[in-house]
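>>> Just need the structure, nothing else, for what follows:
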Amino acid sequence: MPKKIRSSNAVLKEFLDKTRRRIEEGFSKWLPISDETPSKLRDSMRYSVFAGGKRIRPILCLTVGEGLGLKGDAILKASCALELLHTYSLIHDDLPALDNDDLRRGHPTNHKVYGEAIAILAGDSLLTMSFEWLAESSALGISSDLVIDALLCFSKAVGEEGMVGGQALDMNSEFQKIDFETLKHIHLLKTGALIRASIEIGAILAGADEETKKSLSKLGENAGLLFQITDDILDVEGDISTLGKRPGSDKRKGKATYPSILGMPKAKELAFEAHKNAIEDISRTTIEIPHLKNIVDLFYNRIF
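Now for the predicted structure:
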C-alpha cells in the first residue's frame, strides 16, 4: 500500500520559501513593463504572473543549475522565463475555447477580469517574453552556445511536439474512451515536457556533461509523470483551499485521468512507482544536487 515518504520537511520548507522569494524578487526586478505598453495589457500580464502559485518549474531549474555550480542572475532569469511560459499556458488553458475555467490560484481567471481578447494577448506577450528572458541569460554571463542549446530545449518543450501538442491531444480526447498508454502520452507532452525542460535547462546552462544531462532528462520525465498523476488524484480528493480551483473539473469536462481509467488505488500505486523511478534517476547522477530528492518527495507526498 503506497504511503507517505519520509522527508526533511523543515529544511525543504526553508529552502522553498527562500527560493520562491528570490523568484518573486526577480519578477519585481525584471517585469516592470514599459510605459509604452498599453496599460490594460500590462495589468493583465502582471495580474497572472503575480497571482502566486507553487513556482515548481523555476524552482526545479534553479535547484539543478545552482546544484551544478551555476550562480547569479543568469540562472535566476532563465528560471523565471519558465514561469512566464507556464503562466501564458494557464491564461490560455482557462479560456472558454479550451478549459473554460473561472478560478485559478484562488483568484478569478485572467479573462474573467480583463476579457478574452486581452487575456489572449497577455498570454501571447508572456510567451514571447519568456524566450527574451532566456536569451538574455547570455548577456548575464552564460556562454552563447549553452543559451542556444537551452532555447532549443525550451522550444521543443513548448510547441507541437510538447506542451501545445499535448493540449491538442487532451482536448480531442474529451468524453472519449482512451487507454492508459494514450493518457500517459498526452500527459508526458502536456505537463511533463515543461517540467522535464525545467530540469534540463538548469543542467544545460550549468554546462553539465552528457551523462548527467541524460540522467536528469529521465528524472524530468518521471517527475512530470508523477506530478500529473498526483494532480489527477487531487482533482478528486483535494479541496478548493489546496487546489486554488474547484475540484472535480476533470470529470465535469469529460477528461480522462489516471483515477478514471485505473481506479484510485491503482492510480496511487502508479504514483508510488513514478516516485521510485524518479529517485532512482537521481541516484544515477554523479553529482549530488541538494534538495532535488526532497522536491520529488514533495510531489508525491502532496496526495497524503
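>>> what distance separates stretch 164-172 from the centre of its chain?
Centre-to-centre, stretch 164-172 and its host chain are 16 Å apart (CA atoms, centre = their mean, to the nearest Å).
>>> got the contact list for whatever helix or strand residue 152 lives in?
Using DSSP states H and E, residue 152 sits in helix 144-158. Contacts with helix 144-158, where a contact means CB atoms under 8 Å, 6 or more residues apart in numbering, come from 78, 81-82, 85, 127, 130-131, 134-135, 137-138, 162-164, 193-194, 196-197, 200-201, 204-205, 207. All C-beta spots, glycine's among them, are computed from the backbone N, C-alpha and C.
>>> hmm, which of the residues you listed are the buried ones?
Using 16 or more other CB atoms under 10 Å as the burial test, the contacts of helix 144-158 include 78, 81-82, 85, 127, 130-131, 134-135, 137-138, 162-164, 193-194, 196-197, 200-201, 204-205, 207 as buried.
>>> Where helices are concerned, which of those count?
78, 81-82, 85, 127, 130-131, 134-135, 163-164, 193-194, 196-197, 200-201, 204-205 (DSSP state H).
>>> What is the least confident helix or strand in this protein?
helix 240-243 (a mean of 68; mean pLDDT, DSSP states H and E).
>>> quick one: the strands in the chain?
Applying DSSP state E to the chain gives strands spanning 103-104, 107-108.
>>> What pairs with the last one, parallel or antiparallel?
Neighbouring strands of strand 107-108 in its sheet, by DSSP bridges, are strand 103-104 (antiparallel).
>>> and the partner strand, what's its mean pLDDT?
Averaged across strand 103-104, the pLDDT comes to 90.
>>> got the contact list for that strand?
In contact with strand 103-104 (CB under 8 Å, 6+ apart) are residues 48, 51, 90, 94, 109, 110, 240, 244, 245, 246.
>>> Once you drop chain neighbours, what's closest to residue 40?
residue 118 (5.6 Å; CB to CB, 6 or more residues apart in numbering).
>>> burial measure for the one you found, as a count.
By the measure other CB atoms under 10 Å, the count of residues near residue 118 is 19.
>>> Now for it: which residues touch it?
When contacts are counted by CB under 8 Å, 6+ apart, residue 118 touches 40, 41, 44, 110, 111.
>>> The nearest residue to residue 266 once chain neighbours are set aside - how many residues pack around it?
Using CB to CB, 6+ apart and skipping the chain neighbours, the partner closest in space to residue 266 is residue 258 (7.9 Å). Neighbours of residue 258 under the rule other CB under 10 Å: 25.
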